[in-house]
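Q: here is my input, please return the structure:
(one chain, ligands or ions: 3)
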Amino acid sequence: MTVLRIAVPNKGSLAEPSAEMLREAGYRQRGDDGRELVLSDPENGVEFFFLRPRDIAVYVGSGTLDVGITGRDLLLDSGADAEELLSLGFARSTFRFAARPDTATDLSGFDGLRVATSYAGLLRTYLSERDVDAEVIKLDGAVETAVQLGVADIVADVVETGTTLRQAGLEIVGEPILNSEAVLIGRAGAEPAPGTEQLKRRIEGVLVARRYVMMDYDIRAERVEEASALTPGLESPTVSPLHREGWVAVRAMVPRDRAQRVMDELWQIGARAILVTEIVACRV
Ligand SMILES: Nc1ncnc2c1ncn2[C@@H]1O[C@H](COP(=O)(O)OP(=O)(O)OP(=O)(O)O)[C@@H](O)[C@H]1O
Ligand SMILES: O=P(O)(O)OC[C@H]1O[C@H](OP(=O)(O)OP(=O)(O)O)[C@H](O)[C@@H]1O
Ligand SMILES: [Mg+2]
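A: Numbering: from 1, shown residues only. Ligands and ions are numbered 1, 2, ... in the order given. Modelled structure (predicted):
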C-alpha cells in the first residue's frame, strides 16, 4: 500500500492547532513532549514529517512530500511550486505595513524608504508589482523593533491583535497586503497523491463538526415550514412524525455561532424540547 507523506509544522503558531486538527481527524500525533521528527501511522496509511513551517512549501513543491500544512503567507513567500488544497480556519492573520506616525500614508510614499520583513519573497513581489522602489531588509523575526533600532523606516509583518505593533509605537499603513490562515497544500498542477482525497475529506469533516451543532426539536405540523426556514440544515431538515397527533420532530445542522438565536426564534414560533448536541465526526 502507498503511504501518504504529510508535512506538519513542528513549532510556532501553526504547530499545536495542526496537531489538534489531525488528531480530531483520527490520525496519530505526537504526545505532549513528543520530539519525533517522523511519525508513522500505518493504520491510516500516512506518515507525518515534523518540519519548520517555512520549509513545508519547499518540500511539497519539490514533490519530496505529498501534502503539508502551512500558512498562506509562508506558502506565497516561499515561491515554491505548491498550491492550496483546503483552507483550515486557524492561524488567521493579516500581513500589513506599519510605521511611526507621519512616515508615509500609503504605498506611494514608500519610494526610497527601507521596509523590514521576514517575508522578503512575498514583499518584493508585492512592491515590484506596484512599481514601488523601496529597499527590503530581511530579518528573521521581532521585525517591529527594526524601526526603533533605526534599521528600517517601515515594517511588513504578521498582525493579529495589533498589540505588538502598538507596543513598538507603530501604526498600520495602507491596505492589507494579504489575509492569511493555515492551509493544506499540495504540489502545483500535479495529480493528487493517492490518499489525498481521503485526508481532505477527514479534515473537512473536522471543520464541519467544529462549525455546526445538531439541533432537534418538536413543533406543531402546521408551523414546520416556518421552522424549516430557521433551520434549513445543509441540504434539508429531517422531519419525522411524532406519536402525539399534529406534531412533528425536526432535526437539522445549525451553525454553532447562531445556535442560541435560532433556539430563541424557534421557541417564539412554538417549538419545544429543543436540544443541541455536538457533532463528534462527520462526512457531508
Ligand atoms: N500572532 C499570530 N496570530 C495568528 N497567526 C500567526 C501569529 N503569528 C504568526 N502567525 C501565523 O503563523 C504562521 C507563521 O508560523 P511561524 O511558526 O513561522 O511563526 P510564529 O508562529 O511566529 O513562530 P516563531 O516563534 O517561530 O516566530 C504564519 O502563517 C503566520 O501568519
Ligand atoms: O498582532 P499581534 O497579536 O501582536 O500578533 C502579531 C505578532 O505575532 C507574531 O510574532 P511572534 O511572537 O511569533 O514573534 P516573531 O516576530 O519572532 O515571529 C508576529 O510575527 C507578530 O509580531
Ligand atoms: Mg513569529
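Q: distance of residue 69 from residue 214?
A: When Cβ to Cβ, to the nearest Å is applied, the distance between residue 69 and residue 214 equals 28 Å. Backbone N, C-alpha and C define where each C-beta goes, glycine included.
Q: more neighbours: the two, which one.
A: Comparing residue 69 with residue 214 by neighbour count (other Cβ atoms under 10 Å), the higher total belongs to residue 69, at 28 against 17.
Q: secondary structure element holding residue 115?
A: Under DSSP states H and E, the secondary-structure element containing residue 115 is strand 114-117.
Q: run through the strands of the stretch 101-250 of the chain in chain order.
A: Under the criterion DSSP state E, counting those that start in this stretch, the stretch 101-250 of the chain carries strands at the ranges 114-117, 135-138, 154-159, 171-180, 182-187, 212-220, 238-241, 247-255.
Q: now tabulate those strands in TSV and tack on mean pLDDT and distance to ligand 1.
A: Shown next, in TSV, are the strands of the stretch 101-250 of the chain (pLDDT from 0 to 100; distance: least, Cβ to the nearest ligand atom, whole Å):
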stretch	mean pLDDT	distance to ligand 1
strand 114-117	98	12
strand 135-138	98	14
strand 154-159	98	4
strand 171-180	97	4
strand 182-187	98	7
strand 212-220	98	24
strand 238-241	97	38
strand 247-255	98	23
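Q: turn those strands into CSV, including distance to residue 40.
A: Written out in CSV, the entries for the strands of the stretch 101-250 of the chain read as follows (distance: least, Cβ to Cβ, whole Å):
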stretch, distance to residue 40
strand 114-117, 37
strand 135-138, 36
strand 154-159, 33
strand 171-180, 30
strand 182-187, 20
strand 212-220, 32
strand 238-241, 41
strand 247-255, 35
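Q: save those strands as TSV, and put in distance to ligand 2 too.
A: Shown next, in TSV, are the strands of the stretch 101-250 of the chain (distance: least, Cβ to the nearest ligand atom, whole Å):
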stretch	distance to ligand 2
strand 114-117	10
strand 135-138	13
strand 154-159	4
strand 171-180	10
strand 182-187	14
strand 212-220	28
strand 238-241	42
strand 247-255	26
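Q: for residue 55, find the nearest of those strands.
A: Residue 55 sits nearest to strand 182-187 of all the strands of the stretch 101-250 of the chain, at 12.3 Å, using Cβ to Cβ.
Q: got the residues of this protein near ligand 1?
A: Taking Cβ under 6 Å from any ligand atom, the part of the chain that reaches ligand 1 is made up of 11-14, 53-54, 71, 73-74, 91, 93, 141, 158, 160, 180.
Q: out of those residues, which sit inside helices?
A: Judged by DSSP state H, these include 53-54, 73-74 as members of helices.
Q: quick one: buried ones out of the residues of the chain next to ligand 1?
A: 13-14, 53-54, 71, 73-74, 91, 93, 158, 180 (16 or more other Cβ atoms under 10 Å).
Q: okay, the residues you listed in JSON lines with distance to residue 20 next?
A: As requested, those are arranged in JSON lines below (distance: Cβ to Cβ, whole Å):
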{"residue": "13", "distance to residue 20": "13"}
{"residue": "14", "distance to residue 20": "11"}
{"residue": "53", "distance to residue 20": "16"}
{"residue": "54", "distance to residue 20": "21"}
{"residue": "71", "distance to residue 20": "16"}
{"residue": "73", "distance to residue 20": "21"}
{"residue": "74", "distance to residue 20": "19"}
{"residue": "91", "distance to residue 20": "12"}
{"residue": "93", "distance to residue 20": "18"}
{"residue": "158", "distance to residue 20": "21"}
{"residue": "180", "distance to residue 20": "19"}
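Q: which two from the residues you listed end up farthest apart in space?
A: Using Cβ to Cβ, these reach their maximum pairwise distance at 54 and 93, which is 14.9 Å.
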